[in-house]
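> okay, predicted coordinates and the sequence, questions at the end:
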Amino acid sequence: MKNFDVIIVGAGTAGLMLARELSKSKKQVLVLDRKKQLLEFSFNTLASFINLDEFNLSNNVVAQKINKITFHSNSVKSSLKADLYTLDKKKVHEELVETIDRKFVTIQLNTNIKSIITDDNHHFTSVIDQNKKEYSATIFVDASGTNGVLSKKVGLLPKKTQLATGVEYNVKYKGNTKEIFLLIGEMYQGGYGWIFPLKNNRAIIGFGTFDEAIVKDLKNRLHQILEIPMIKKLVEKDNDKVEGGSIPITPVIEKFVLNNLVCVGDSVSQVNPIVGEGYKFIFESAIMANKAIILALESNDLTKLKDYEVLWRNRFSENYKRSKRSQERFFKYSQNNFVMDFIVFLSKLIPSKRSIRSLSGEYGLEQE
């Protein structure tokens, strides 16, 4: 049985970014994923404040460049200038795969990890799949998303996690192709809505909720939202293909390492709480994890993996905690039209730069 430097469970956002970075250092990496198709997604687009150059991504991954964000509550509308993207998720992942050095990284699909084995010193030695095949490594990484294949087994993520779940349609778009809409208030029935423009006069319209009681009714509620007069002026549903997905809304987690197990991405709830921004923060976290893993391997000192937690806390902890408080307030008042109208009205009085920093989850990184 071959012993790898690193085994990554999960070939999604976090796993592919980490594999790419590890391949630059010529580490022997095995990526395992339960999917049969690598580019198989439950949803295909997302909005992000990502800096593409920072992560060596090209403009080819952009589904639309955005320069305006508009908030709609029941009676109030507020807009601000912004610089962000609607991303094509498939193209992002294609670029990551293309830039992985396959001399050092093996990607194996249709592999469902069932257990992880430890030695007498409580270090992890191997993982075992659905066919009882065993894979061994020096360091293991859980990048399996909300499934938390390993993080839940070892207690780094609760076995029962709270999720925000959304559904969306790709529709005809009649509005400003550079403008994103974020929709809040009682008319969104216990959740929130969004419209993300794409190319060719198309857009994504979605509805999400954090209320487990209405998750099963998401599609019907999205259909009702499509009948709102303001929405009908912007979009026209012309197909029945519904997409959807979930993000974790657990309390802010700061422990990502247990002995020689490292967790990245949604397996330890690294989505920023304020608007569910994922890729930008998960990519950064994967790069931090890479630095700690390389240091641990090259120094033959697995305690260096803890550097990842230190880097993450220094960069993100206070911002995430603040974002979490904002998220909890939104959950509490999202079905109160008066409060949502008041919040959107107040947003008009906040300087644009401050609003963008808050919305992007980057509180306090620069002064006014």
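Yep, that arrived.
> can we go C-alpha only for contacts and neighbour counts from here?
Will do.
> show me where the stretch 151-300 of the chain has its helices.
218-225, 229-232, 279-299 (DSSP state H, counting those that start in this stretch).
> and those helices, which is most packed in?
Greatest average neighbour count among the helices of the stretch 151-300 of the chain goes to helix 279-299 (a mean of 20), per mean count of other C-alpha atoms under 10 Å.
> mind giving me the packing neighbours of that one?
helix 13-24, helix 307-333 (3 or more C-alpha pairs under 8 Å, 6 or more residues apart in numbering; DSSP states H and E).
> hmm, try it at 10 Å
Here helix 279-299 touches strand 3-9, helix 13-24, strand 45-48, strand 134-142, strand 261-263, helix 307-333, going by 3 or more C-alpha pairs under 10 Å, 6 or more residues apart in numbering; DSSP states H and E.
> gap between the longest one and the chain center?
The reference is to helix 307-333. Put simply, helix 307-333 sits 14 Å off its chain's centre (C-alpha atoms, centre = their mean, to the nearest Å).
> buried stuff in that helix?
Neighbour counts over helix 307-333 (16 or more other C-alpha atoms under 10 Å) mark 307-309, 311-313, 316-317, 319-324, 326-327, 330-331, 333 as buried.
> with adjacent residues omitted, what lies nearest to the residue positioned nearest the centre of the chain?
Within the chain, one residue has its C-alpha closest to the average C-alpha position: by C-alpha atoms, centre = their mean, that is residue 278, at 2.7 Å. The shortest distance from residue 278 to any non-neighbouring residue, by C-alpha to C-alpha, 6 or more residues apart in numbering, is to residue 271 (4.6 Å).
> hmm, residue 279 and that neighbour touching each other?
Yes: with contacts counted by C-alpha atoms under 10 Å, residue 271 reaches residue 279, the gap being 7.9 Å.
> who touches both of these two?
Common neighbours of residue 271 and residue 279 (criterion: C-alpha atoms under 10 Å, 6 or more residues apart in numbering): residue 265.
> next, the buried residues of stretch 158-176.
So stretch 158-176, judged by 16+ other C-alpha under 10 Å, has buried residues 161-173, 175.
> stretch 175-187 too?
175, 177, 178, 179, 180, 181, 182, 183, 184, 185, 186, 187.
> so where's the stretch 201-350 of the chain shaky on pLDDT?
For the stretch 201-350 of the chain, applying pLDDT under 70 flags the ranges 274-277, 349.
> at 80 what do you get?
210-215, 248-250, 272-278, 326-350 (pLDDT under 80).
> now do the contacts for residue 195.
47, 70, 168-171, 173, 175, 179-183, 203-207, 231, 234-235.
> same thing but 6 Å
Residue 195 is in contact with 180, 181, 204, 205, counting by C-alpha atoms under 6 Å, 6 or more residues apart in numbering.
> so the first one touches residue 67, yeah?
Put plainly, it is residue 180. No: between residue 180 and residue 67 there is no contact under C-alpha atoms under 6 Å: 8.3 Å.
> now residue 160. Its backbone dihedrals?
Here is the backbone geometry of residue 160 (degrees, to the nearest 10): phi -110, psi 110.
> what's the spacing between it and residue 130?
Distance, residue 160 to residue 130, using C-alpha to C-alpha, to the nearest Å: 22 Å.
> residue 260 and residue 137 touch, don't they?
No: if you go by C-alpha under 6 Å, residue 260 and residue 137 don't touch, sitting 9.6 Å apart.
> so between those two, which is more surrounded?
Neighbour count, other C-alpha atoms under 10 Å: between residue 260 and residue 137, residue 260 has more, with 23 against 20.
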